[in-house]
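> sequence plus the predicted model coming up.
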Amino acid sequence: MKESAQHYIQRITTHVNGKQPLAVQAATPKKLERLIEGAPTPKLRKRPAADQWSVSEILAHLADAEIVIGFRMRLILGAPGSPIAAYDQDSWVTSGHYENRDPRKSVEQFRIDREANLALLKSLTPEQWKQYGMHSERGQETIEHIVHMTAGHDINHLQQIERTLSPKQK
């Protein structure tokens with residue numbers, strides 16, 4: 001059964017409880033680099049189960065999601081109240097050929113885009129943090145909410161990568 005938008009928001013934002021979202025986001029690129037350091041590409045491309053993404057696919061997803069997040073924030077800042085389209089992440093995995101992407105290049109792309117997004121966020125006024133767009137599935141989302149969701153999304157996928165690469169996994 002597909003997760004409801006409300007359940008997704010709750011599950012993802014729970015990861016950020018007691019943490020500073022910008023600090024989480026700033027630390028994620030280095031954490032990703034450390035997690036995959038020394039891991040052979042075939043291991044990173046192996047799915048833990050048929051219905052679960054490989055580490056390489058997760059990294060490509062994070063890289064593409066960072067572009068989407070940056071676009072959404074810039075859209076909101078340029079035209080507050082703008083509609084924000086949802087996207088089918090599983091379709092992007094297939095259509096974007098994530099299984100063939102170089103995992104280390106995905107981390108590098110993610111790092112560069114994350115740095116740009118963090119620089120933007122550091123420049124915002126308190127009023128700009130309250131500006132919002134209307135997400136097609138989740139409703140009103142402020143820049144502040146997007147930052148919390150992004151940090152939770154980071155933690156969610158970092159944990160997923162850690163589980164996949166743990167020695168207990170074959």
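Right, received. Where do you want to start?
> neighbours around residue 140, how many?
Neighbours of residue 140 under the rule other Cβ atoms under 10 Å: 11. Using the backbone N, CA and C atoms, a C-beta is placed for each residue, glycine as well.
> quick check: phi and psi on it?
phi -60, psi 130 (degrees, to the nearest 10).
> for it, which residues are in contact?
For residue 140, the contact set (Cβ atoms under 8 Å, 6 or more residues apart in numbering) comprises 132, 133, 134.
> isn't the second one up against residue 75?
Yes. The pair residue 133 and residue 75 passes the contact test of Cβ atoms under 8 Å, sitting 6.3 Å apart.
> check the contact lists of the two and give me the overlap.
Common neighbours of residue 133 and residue 75 (criterion: Cβ under 8 Å, 6+ apart): 82, 84.
> looking only at neighbour counts, state which of these two leads.
Per other Cβ under 10 Å, whichever of residue 133 and residue 75 has more neighbours is residue 133, with 24 against 15.
> how about the helices in the chain?
Counting by DSSP state H, the chain has helices at residues 5-14, 21-36, 41-45, 55-78, 89-95, 103-123, 126-129, 143-165.
> what's the pLDDT at residue 167?
Predicted confidence (pLDDT) for residue 167: 75.
> then the one 3 residues further on?
In this model, residue 170 is scored at 47, pLDDT.
> and the lowest-mean-pLDDT helix or strand in the chain, what's buried?
In the chain, no helix or strand scores lower on mean pLDDT, DSSP states H and E than helix 5-14, which sits at a mean of 89. Using 16 or more other Cβ atoms under 10 Å as the test for burial, helix 5-14 gives 8, 9, 12, 13.
> so that helix versus helix 143-165, what angle?
On the basis of axes from the mean of the first three to the mean of the last three Cα atoms, to 10 degrees, helix 5-14 is oriented at 80 degrees to helix 143-165.
> how far is helix 5-14 from where the chain is centred?
In terms of Cα atoms, centre = their mean, to the nearest Å, the gap separating the centre of helix 5-14 from the centre of its chain is 14 Å.
> summarise which helices and strands that helix is packed against.
Judged by 3 or more Cβ pairs under 8 Å, 6 or more residues apart in numbering; DSSP states H and E, helix 5-14 is in contact with helix 143-165.
> distance from the helix it packs on to the middle of the chain?
The chain centre lies 6 Å from the centre of helix 143-165; the measure is Cα atoms, centre = their mean.
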